[in-house]
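J.: no sequence on hand, only this structure:
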């Protein structure tokens with residue numbers, strides 16, 4: 001695709017470009033680089049961009065979806081404000097370029113920190129021992145590193161409410177399983193390549209299962225169906241099997257909030 005004059009944002013901290021994806025979706029792509037630090041910076045810029053675009057409520061835009069280092073902007077072409085002779089893609093791209101011309105900063109200062117209780121190992125984390133061995137660590141050390149500090153929710157994807165969380169400590173870098181499971185229990189915490197996922201429902205998956213949370217990651221009956229959003233931070237909090245059962249039982253009673261948000 002030939003470059004359009006509004007494709008690049010020289011004022012932004014991280015270069016970005018706007019690309020079409022079909023006739024109803026634009027993608028703002030940030031230069032993520034190859035190392036973890038650059039990827040983290042690009043992710044935070046993408047989350048900040050998504051927040052700014054969503055708040056602008058541009059005519060024709062129907063949804064704004066942040067991902068790892070991109071933002072998808074779904075739109076209805078017939079509703080985009082465009083000058084005579086200008087295609088909806090060009091008009092919306094120009095409007096987005098104006099929005100993103102100012103430095104984005106990041107969402108770090110205002111990010112929610114959500115406590116996620118996790119029962120590690122045993123039936124809830126059947127791969128913990130194997131993961132510890134592959135990392136050259138004791139199981140308790142894996143748990144300590146995994147729950148040591150808040151980590152970023154990089155994006156939601158694969159299934160509704162399914163978060164990708166990272167980057168974790170460099171020592172937590174086991175590969176994914178060679179043979180995926182056909183059914184992973186809801187709430188399972190997966191670990192691979194310094195990232196974690198939390199399965200919001202029973203799904204197939206090839207991540208190493210090191211624990212499980214009793215919280216509902218996705219509930220279509222809640223005002224906010226997804227417990228987590230891109231730009232949030234997660235603090236994994238180790239709990240016992242008995243505590244897991246108590247929290248799980250409490251989820252059966254309708255409540256306006258799940259998880260402790262700080």
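T.: Noted; the coordinates are in hand. Treat the numbers as computed from the prediction; the structure is a model and nothing was measured. Residues are numbered from 1 along each chain as shown.
J.: buried residues in stretch 161-180?
T.: Buried residues in stretch 161-180, counted by 16 or more other C-beta atoms under 10 Å: 161, 162, 163, 164, 165, 166, 167, 168, 169, 172, 174, 177. No exception for glycine: its C-beta is placed from N, CA and C like everyone else's.
J.: out of those, which are inside strands?
T.: Under the assignment DSSP state E, those contribute 163, 164, 165, 166 to strands.
J.: quickly list what the closest residue to the last one other than its chain neighbours is bridged to.
T.: When you say that, I think you mean residue 166. Leaving aside its sequence neighbours, residue 166 sits nearest to residue 195 (C-beta to C-beta, 6 or more residues apart in numbering; 3.7 Å). As for beta bridges, residue 195 partners with residue 166, residue 192 under DSSP bridges.
J.: okay, residue 195: pLDDT?
T.: Residue 195 is assigned 95 on the pLDDT scale.
J.: same check on residue 6?
T.: Taking residue 6 on its own, its pLDDT is 38.
J.: please apply the same query to residue 256.
T.: The model's pLDDT for residue 256 equals 38.
J.: what are the phi and psi values for residue 221?
T.: For residue 221, the backbone dihedrals (degrees, to the nearest 10) come out as phi -90, psi -10.
J.: ok, the one 4 residues further on next?
T.: The phi and psi values for residue 225, taken as degrees, to the nearest 10, are phi -60, psi -40.
J.: what's it in contact with, if anything?
T.: Contact analysis of residue 225 by C-beta atoms under 8 Å, 6 or more residues apart in numbering lists 160, 161, 218, 219.
J.: the third one: neighbour count?
T.: Right, residue 218. Per other C-beta atoms under 10 Å, the neighbour tally for residue 218 reads 20.
J.: thought it was touching residue 228?
T.: No - Residue 218 lies out of contact with residue 228 (C-beta atoms under 8 Å); the separation is 9.4 Å.
J.: any residues in contact with both of these two?
T.: Counting by C-beta under 8 Å, 6+ apart, the shared contacts of residue 218 and residue 228 are residue 161.
J.: kindly state the pLDDT recorded for the closest residue to residue 31 other than its chain neighbours?
T.: Of all residues not flanking residue 31 in the chain, residue 15 sits nearest, at 4.6 Å (C-beta to C-beta, 6+ apart). pLDDT, residue 15: 87.
J.: tally up the residues packed near residue 16, please.
T.: Using other C-beta under 10 Å: residue 16 sits among 25 other residues.
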